[in-house]
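Student: Have a look; sequence and predicted model below, questions after that.
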Amino acid sequence: MKRTVKRSIIIVLLALMVGTFAKAQTEMNEQLFFVWEATVNPAMNSQFNDLQIDFHSPFKENGFPYSISAWTDGNFHYYFFYPVESYNDKDGIYDALSAIIPIWGMENFMKMWETVLSHRTYFLRSQPEMSFYPEEARLSDEEETYCIWDIFYVRPDKDYEMQALGKEFAALLKNKNYNDHVQIYSGDVGYEGSVYFGALFGSDREDLYSQNEKMWELLGEEGTEIFQKWMSLVYKRDFKQFWYLKELSYSPEISGHGN
């Protein structure tokens, strides 16, 4: 009876909590991501980090099968990205974590949960035809430790126009021999309406903004014209920045930045 109750508690908490960013995809293949976004109590931020690191310690030994890419905006918001094959993998993640939690300790899990003020889960989907992948990227995946999201909320019935402009922009980047990859994601389950995320990467904040300025200089009037058309389809624009958290990330093959 105790085992049944304990497992029920774990499943309920995971359904509330679990949820992951990302570059885990093969070029020109869509990649679905399950994301857990958590806001942590500032007074318990160190405890959250320490417990997350400790929570991952039994993953590899016990065959946890999912990669996790962890990022923070530096303001006590954390984002955990799980590359998945389908929506059903959400249940697979819950089951895999349910098996790990008793090994790690239910008390530890409850302590970690207590550090979280609020949270949400959702899915994102990469849009490879709107994205750009240079043949010789300026930075390796391991060097891309800072990221910005330029978030665009699209007017109703404007998706096809948005996608066409994204493809046009990606083609221009290729024609101009730009040397950083530009990733486009779209909001999926958990988002209402059409939302697109333009993700840019750098080794740090200064590097990214310096490179972004060079990109617009390279694209010139052609790039500006496409972007103006793009913005005419948008009713709201938002922005987020992220720093990669290697110690809070996990790969079944190699612990760390496996995405």
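Tutor: Received, thanks. Note that this is a predicted model, so its numbers are computed, not measured. Numbering: from 1, shown residues only.

Student: list the contacts for residue 123?
Tutor: 32-35, 87, 187-190 (Cβ atoms under 8 Å, 6 or more residues apart in numbering). To be clear about C-beta, it is placed using only N, CA and C from the backbone, and glycine gets the same treatment.

Student: could you dump the helix or strand in which it is found to CSV, C-alpha only?
Tutor: In the assignment (DSSP states H and E), residue 123 maps to strand 116-126. Output in CSV follows, covering the C-alpha atoms of strand 116-126 (Å, rounded to 0.1, in the frame of the first residue of the first chain):
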residue,chain,number,x,y,z
VAL,A,116,9.8,26.0,-7.4
LEU,A,117,7.4,29.0,-7.2
SER,A,118,5.6,28.4,-10.5
HIS,A,119,6.0,26.3,-13.7
ARG,A,120,4.5,25.3,-17.0
THR,A,121,5.0,22.7,-19.7
TYR,A,122,4.6,23.0,-23.4
PHE,A,123,6.0,21.7,-26.7
LEU,A,124,8.1,23.5,-29.3
ARG,A,125,8.8,22.3,-32.9
SER,A,126,11.8,23.3,-35.0
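
Student: What strands flank that strand, and is each parallel or antiparallel?
Tutor: Each strand paired with strand 116-126, and its direction, by DSSP bridges: strand 32-40 (antiparallel), strand 183-187 (antiparallel).

Student: could you dump those to TSV with distance to residue 233 and mean pLDDT?
Tutor: Formatted as TSV, the strands paired with strand 116-126 follow (distance: least, Cβ to Cβ, whole Å; pLDDT from 0 to 100):
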stretch	distance to residue 233	mean pLDDT
strand 32-40	24	96
strand 183-187	13	93
